[in-house]
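Student: structure for the following, please:
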Amino acid sequence: MSGLITRRTLLAGGTAGLLAAPWVARAEANTLRIGMQSILSGPIALLGTSSRNALMMEQDRINATGGFLGRPIEFVFRDSKGQPQEAARVARELVNSTGCELLVDAEASSASFAVQEVVRDLGIACIHTNSETSSLTADPKIRAPTAFRVARQGVHDAVAGSIYLAEYAKAKKLDKWATCSPDYAYGRDTTAQYLQFFKKFKPDVEVITEAWPKLGQPDFTEVITKLLQAKPQALFTLLYAGDLSAFVNQGNVYALFAQMTVATPNVDYPVMAAIKNLPAGIQSATRYLETFPDTPANKEWGQAYLKKWNERPTNWSWQNTVAMQFYEAAIKKANSLDGKALAAALIGTKINTPFGFDGTITMRDDHTTIDYAIGWGQTTPKEPFIVDVKAADWGRIIELETEWKKQQNYI
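Tutor: Numbering: from 1, shown residues only. Okay, here's the model as predicted:
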C-alpha cells in the first residue's frame, strides 16, 4: 500500500529500525487486511488480474477518505489457479494465517462453491465478485449467512439474453442452434437456463449439437470442426476471457462467423482487444461498456481505469468495485467488521454507483444484487465495439426469476 512501510521492510532494518519508528509498527498493526484469491495465471488470468486492478483503485480511493472505521485498508492477493481445493485452502489461510478480516472471493464459479464452505465455517464476511452460477445464492441450502454476491447472476442474464435473442431469432428465422460452453457448473447451468427461457419465448428452436470444451483449453480445432459439420444457423456460447478470444481467433481461420450467427453474453474490452479481427454482428451482451449506461460517471470510471492500467476494464472490474462500495456502505451502517453485523447491514442496502441501470444497485435478502446494467447489442470492429444496445427490463427479469426459483424449490 502506497505510503506504508511493510513488515518486510521493518525486519530488513532490524530492531533499531523498529525502535526508531514505533509509529510505523502502530500504523501497520492498525491496517485492515482484506483477502482476495482468484485466477491470476493461465488462460483465464484476465478474470483475476482485472479484478485485482479494480480493487487496487478502490484501495486508493477508500484510504484517501480515511479507510474503514478509521483504519487504512490493504489487500492481500493470492493465486488459486482456478482449482477449488486450492481456493478453499488459500481463503482459509488468508483469514487464519494472514490476518485478513474481510474476504473478496474473485473466483470463477468452479471454486466459489468451495470458498463458500470456508466462509460458512469461519463466519467471516465475504462478497463473491465473479461467480455467476445462480445456485450459489439462489439456493437457500447453499447460501451462507455471511456471504453475498455482487456478480451478475446467470438466471438474470438468461432471462435478459433469451428475450433479446428470441426476438432476433424470430426476425432472422434462426431455428437451428448449437451451443458451446465451458465444461463446469457455470457453463452447464447457465446454458441450461438460457435454453429454458429461449424455448419459452421461441418454442420452435432446436439445439442440434453441443460442445463442452474444458476451461482453459488452448486448441478449439475439434470443437470448431464439430460445429461446422453440424451446420447450425446460429451458435450460443458462454466461453469467456482467453478462451473466448482464442475461440474467435481460431474460428476466423475456418470462416465460422460467415457460416452462422454467433451470440454470447461474455464479450469484454480486453477480449475484443485480443481478437485479431473482431467479426461484426456477434450478438452480444454488455459486460462493461463506457457507453452503457451512457452517463458521465460511467465514462469517467472507465477512463480512470484505462489511465491507471493502460487497458480497458472488464465486467469483473466493475463487479469488484461494487463489492467495495457495498462493504463501505455496510461498515458505516454497522460500525463493525463482524460477519453477522455486516450481513444484517448489507441486506436491503442500495448504493449509488455508475454501474446501475438507474444509477443504483440493491442487495436483496437472498444475498444477491439487482438493477445492475444489462443490455444486448451487436459487435462492430471499431469503437464503441457494441452498438444498437437494448436495455433489459428488470421487472421482467425478476418476474421470470421468481418463476424459476419456484420451479427449483428455492422459494
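
Student: buried sites along stretch 115-126?
Tutor: 115, 116, 117, 118, 119, 120, 122, 124, 125, 126 (16 or more other Cβ atoms under 10 Å). For every residue, glycine as well, the C-beta is placed using N, CA and C.

Student: check the offset of that stretch from the chain's centre.
Tutor: Here the centre of stretch 115-126 is set off from its chain's centre by 19 Å, with Cα atoms, centre = their mean, to the nearest Å.

Student: adjust the sequence numbering to begin at 868 for everything that follows.
Tutor: All set: I'll call the first residue 868, so the last point we hit is now stretch 982-993.

Student: in CSV, could you pull the C-alpha coordinates for that stretch?
Tutor: What follows is stretch 982-993, C-alpha atoms only, in CSV (Å, rounded to 0.1, in the frame of the first residue of the first chain):
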residue,chain,number,x,y,z
VAL,A,982,-14.8,-20.9,-0.8
GLN,A,983,-18.4,-20.6,0.3
GLU,A,984,-18.0,-23.5,2.7
VAL,A,985,-14.9,-21.9,4.2
VAL,A,986,-16.9,-18.7,4.8
ARG,A,987,-19.7,-20.7,6.3
ASP,A,988,-17.2,-22.4,8.7
LEU,A,989,-15.3,-19.2,9.7
GLY,A,990,-18.3,-16.8,9.8
ILE,A,991,-16.3,-14.0,8.2
ALA,A,992,-17.9,-11.5,5.8
CYS,A,993,-17.3,-12.4,2.2
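
Student: what segments of the stretch 918-1067 of the chain are helices?
Tutor: 951-963, 976-989, 1002-1005, 1021-1039, 1052-1068 (DSSP state H, counting those that start in this stretch).

Student: closest to residue 1015 out of those helices?
Tutor: helix 1002-1005 (7.4 Å; Cβ to Cβ).

Student: what does the closest one contact?
Tutor: 976, 979-980, 983, 995, 1009-1010, 1014-1016, 1020, 1022, 1056, 1233-1235, 1272, 1275, 1277 (Cβ atoms under 8 Å, 6 or more residues apart in numbering).

Student: redo that, cut-off 7 Å
Tutor: 976, 979-980, 983, 995, 1009-1010, 1016, 1022, 1056, 1233-1235, 1272, 1277 (Cβ atoms under 7 Å, 6 or more residues apart in numbering).

Student: format the helices of the stretch 918-1067 of the chain as TSV; extra columns: mean pLDDT and distance to residue 916.
Tutor: TSV is the format used below for the helices of the stretch 918-1067 of the chain (pLDDT from 0 to 100; distance: least, Cβ to Cβ, whole Å):
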stretch	mean pLDDT	distance to residue 916
helix 951-963	98	16
helix 976-989	97	16
helix 1002-1005	97	22
helix 1021-1039	97	23
helix 1052-1068	95	19
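
Student: out of the ones you listed, flag the one nearest residue 1268.
Tutor: helix 1021-1039 (5.3 Å).

Student: what comes up buried for the closest one?
Tutor: Neighbour-count burial for helix 1021-1039 [16+ other Cβ under 10 Å]: 1021-1033, 1035-1036.

Student: repeat for stretch 1270-1278
Tutor: Buried-residue list, stretch 1270-1278, by 16+ other Cβ under 10 Å: 1271, 1272, 1277.

Student: cool, and stretch 1197-1206?
Tutor: Result for stretch 1197-1206 [16+ other Cβ under 10 Å]: buried residues 1197, 1198, 1201, 1204, 1205, 1206.

Student: mind checking how far the third one is from residue 1111?
Tutor: When you say that, I think you mean residue 1201. 39 Å (Cβ to Cβ, to the nearest Å).

Student: just residue 1051 next, same as before
Tutor: Residue 1051 is 15 Å from residue 1111, by Cβ to Cβ.

Student: what about these two, which has more around it?
Tutor: Ranked by neighbour count (other Cβ atoms under 10 Å), residue 1051 and residue 1111 place residue 1111 first, with 22 against 18.

Student: tell me the contacts of the residue nearest to that one when sequence neighbours are not counted?
Tutor: Closest residue in space to residue 1111, ignoring its immediate chain neighbours: residue 1138 at 5.3 Å, by Cβ to Cβ, 6 or more residues apart in numbering. Counting by Cβ under 7 Å, 6+ apart, residue 1138 makes contact with 1108, 1111, 1112.

Student: what are the phi and psi values for residue 1138?
Tutor: phi -60, psi -50 (degrees, to the nearest 10).

Student: kindly report the same for residue 905.
Tutor: Dihedral angles (degrees, to the nearest 10) for residue 905: phi -160, psi -180.

Student: for it, grab the count of nearby residues.
Tutor: For residue 905, using other Cβ under 10 Å, the count is 31.

Student: which residues does it contact?
Tutor: Counting by Cβ under 7 Å, 6+ apart, residue 905 makes contact with 914, 915, 918, 947, 973, 974.
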